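>>> dropping the sequence and predicted coords here.
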Amino acid sequence: MPGKLPLASRHFYRFLGLHSFLIGLFPFFIPVFLWRNGYGLSEISMFIAITGIGFVLTLWLWDRVHKTLPLNFIIAASFLIEITLLAIVFLDQQPGFLTLFALINGAYNCFFWITQRALFFETLDDTNTGRKFGNFQVVVVIIIKMGVLIGGVLLDKAGYLSVFLLSTLIALLGMLSFFLLSGSMQLPATLREDPPIDLGGILHFKDSYGSRPVFFLDGPFLFLESYFWMISLFLLAHESFWKLGALVILLGLTFSALFYLIKNRIDHIPTQRIYTIAVTGYAISWLLRASVDDRFSLVWLFTTLVLITFCTSFFRLAFNKRFFDLAKHTSAHRYLFLKSYYSQAAIALGFGLAAFWLHSSANSSDSSLQISYITAAIITPLYFLYRQPGK
């Protein structure tokens with residue numbers, strides 16, 4: 001088994017690298033692409049809600065087919081779904097477009113994130129979750145940012161068709177590279193041997209660590225970060241894709257330098273202290289988001305954005321360290337699945353309600369975004385319900 005680990009790691013990072021680059025080319029821009037095409041916050045919120053539904057439905061299927069299909073086929077399916085997602089964009093403004101686009105977006109998110117988490121989980125031991133997730137995070141950030149830079153320039157200068165053609169070519173090459181592997185790849189035996197989670201197992205899940213309420217909480221926060229905040233940055237970048245890409249890359253480089261200094265130390269600092277600092281900083285980051293204004297001086301604006309990026313990323317490092325520690329400590333892969341079921345259900349419910357509220361609200365988009373961020377800051381302390389595993 002030790003001899004196989006480097007090969008398995010190479011497969012994992014190839015999968016991760018290709019998809020991270022593809023995400024940077026276009027899925028990263030989905031919220032601002034919809035915004036640029038005339039969809040308002042209420043419609044984007046409904047898109048997010050339906051994305052959650054698509055994820056849950058696909059996860060139910062993924063949990064059953066992965067026990068019989070080789071990993072090569074599952075990875076190939078993820079690339080095929082990516083191509084389908086890109087092709088659906090050409091149906092923009094057609095009846096049912098937003099619903100179909102959101103469902104396929106949920107399916108793609110599921111195939112990418114669940115496969116990635118399952119493979120990543122197998123690389124962990126009891127002492128290195130912080131360092132491993134830190135390394136993983138840095139790799140993802142660097143590759144996604146490369147895709148973001150290229151995708152932003154192409155969207156602004158050459159149009160969507162150029163992004164579609166480049167992404168499709170990379171996805172097809174990715175599919176081919178995994179099909180041509182000598183021998184079939186398999187997901188970890190612990191994942192394949194666990195029975196699928198049924199509805200009763202989902203509804204009756206409960207532990208002493210506060211996992212269930214925090215799983216509910218975390219889903220909407222993820223999309224506030226990746227969709228609503230991205231729209232705010234897009235407005236700061238004067239609705240330019242390449243300027244947004246450049247801003248995100250600049251923030252990412254600054255963040256990576258700070259992140260590198262702490263990622264190898266997080267496993268040696270008392271866990272609860274790290275988590276307390278991270279949650280507090282995360283709450284502050286939402287207040288900072290609510291205060292951001294393009295009338296700030298350039299230096300103050302950039303400093304604020306770096307603080308937001310750092311606090312958010314540091315929280316994600318601490319939160320995911322606790323999550324993977326608990327997964328190791330409890331029901332392993334089932335814990336990964338349960339997190340997704342609860343988080344995505346909360347996304348569907350939370351953003352569905354938000355869509356109705358935004359549709360009936362007389363507030364401007366800027367005001368609605370600000371209200372969302374202040375609400376997030378108030379709710380953030382609920383993350384303290386998440387307790388660390390006992391020694």
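That came in fine, so what should we check first? Numbering: from 1, shown residues only.

>>> contact partners for residue 228?
Applying C-beta atoms under 8 Å, 6 or more residues apart in numbering to residue 228 gives the contacts 31, 41, 369, 372, 373. (Each C-beta comes from the backbone N, C-alpha and C, glycine too.)

>>> quick check: the third one vs residue 236, distance?
In other words, residue 369. Here the criterion is C-beta to C-beta, to the nearest Å. By it, residue 369 lies 11 Å from residue 236.

>>> ok, the second one next?
According to C-beta to C-beta, residue 41 and residue 236 sit 16 Å apart.

>>> can you check the first one too?
Distance of residue 31 to residue 236, given as C-beta to C-beta: 14 Å.

>>> quick one, which of those two is more surrounded?
Each of residue 31 and residue 236 has its neighbours counted (other C-beta atoms under 10 Å); residue 31 has more, 23 against 17.

>>> pretty sure the more buried one sits against residue 227.
Yes - counting by C-beta atoms under 8 Å, residue 31 touches residue 227, with 4.1 Å between them.

>>> list residues touching both of the two?
residue 44.

>>> check the contacts of residue 228 and tell me the two furthest apart.
31 and 373 (15.1 Å; C-beta to C-beta).

>>> state the distance from residue 205 to residue 357.
As judged by C-beta to C-beta, residue 205 and residue 357 stand 29 Å apart.

>>> who has more neighbours out of those two?
Remark: of residue 205 and residue 357, residue 205 carries more neighbours, 19 against 15, as counted by other C-beta under 10 Å.

>>> SS state for the more buried one?
Under DSSP: H, G, I helix; E, B strand; the rest coil, the three-state class of residue 205 is coil.

>>> neighbours around residue 83, how many?
Burial of residue 83 is recorded as 18 neighbouring residues (other C-beta under 10 Å).

>>> show the average pLDDT along the strand or helix carrying it.
Counting by DSSP states H and E, the element that carries residue 83 is helix 71-88. Here helix 71-88 scores 91 as its mean pLDDT.

>>> pull out the buried residues from that helix.
Across helix 71-88, burial judged by 16 or more other C-beta atoms under 10 Å covers 71-79, 81-83, 85-86, 88.

>>> next: stretch 46-65.
46-56, 58-60, 62-63.

>>> now the two most distant members of those.
46 and 63 (26.2 Å).

>>> lowest mean pLDDT among the helices and strands of this structure, which one is it?
helix 189-193 (a mean of 64; mean pLDDT, DSSP states H and E).

>>> need the contact list for the residue nearest the centre of the chain.
Centroid check for the chain by C-alpha atoms, centre = their mean gives residue 222 as the closest residue, at 6.6 Å. With contact set as C-beta under 8 Å, 6+ apart, residue 222 has these partners: 343, 347.

>>> hang on, the earlier thing: which among the contacts of residue 228 gets closest to residue 197?
residue 31 (30.1 Å).

>>> any stretches of the stretch 1-150 of the chain with poor pLDDT?
Judged by pLDDT under 70, the stretch 1-150 of the chain has its weakly predicted residues at 1-9, 119-138.

>>> can you do 50?
Counting by pLDDT under 50, the stretch 1-150 of the chain shows low-confidence ranges at 1-6, 128.

>>> which stretches of it form helices?
Assigned helices in the stretch 1-150 of the chain, in chain order: 5-25, 30-36, 41-65, 71-88, 97-121, 129-157 (criterion: DSSP state H, counting those that start in this stretch).

>>> do the stretch 151-300 of the chain as well
Going by DSSP H, counting those that start in this stretch, the stretch 151-300 of the chain shows helices at 160-179, 189-193, 199-203, 211-223, 229-236, 241-263, 271-291, 298-329.

>>> can you redo these as CSV with distance to residue 378?
Formatted as CSV, the helices of the stretch 151-300 of the chain follow (distance: least, C-beta to C-beta, whole Å):
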stretch, distance to residue 378
helix 160-179, 38
helix 189-193, 38
helix 199-203, 28
helix 211-223, 12
helix 229-236, 17
helix 241-263, 25
helix 271-291, 8
helix 298-329, 16
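
>>> least reliable of those going by mean pLDDT?
Taking the mean pLDDT of these, helix 189-193 comes last: a mean of 64.

>>> same for the helix holding residue 83, what does it pack against?
Contact here means 3 or more C-beta pairs under 8 Å, 6 or more residues apart in numbering; DSSP states H and E; on that basis helix 71-88 packs against helix 5-25, helix 97-121, helix 160-179.

>>> closest one to residue 272 among the ones you listed?
Closest to residue 272 of the helices and strands packed on helix 71-88, according to C-beta to C-beta: helix 97-121, at 22.8 Å.

>>> and that closest one, how far out from the chain's middle?
10 Å (C-alpha atoms, centre = their mean, to the nearest Å).

>>> so which elements touch it?
Against helix 97-121 (3+ C-beta pairs under 8 Å, 6+ apart) you get helix 5-25, helix 41-65, helix 71-88, helix 333-360.
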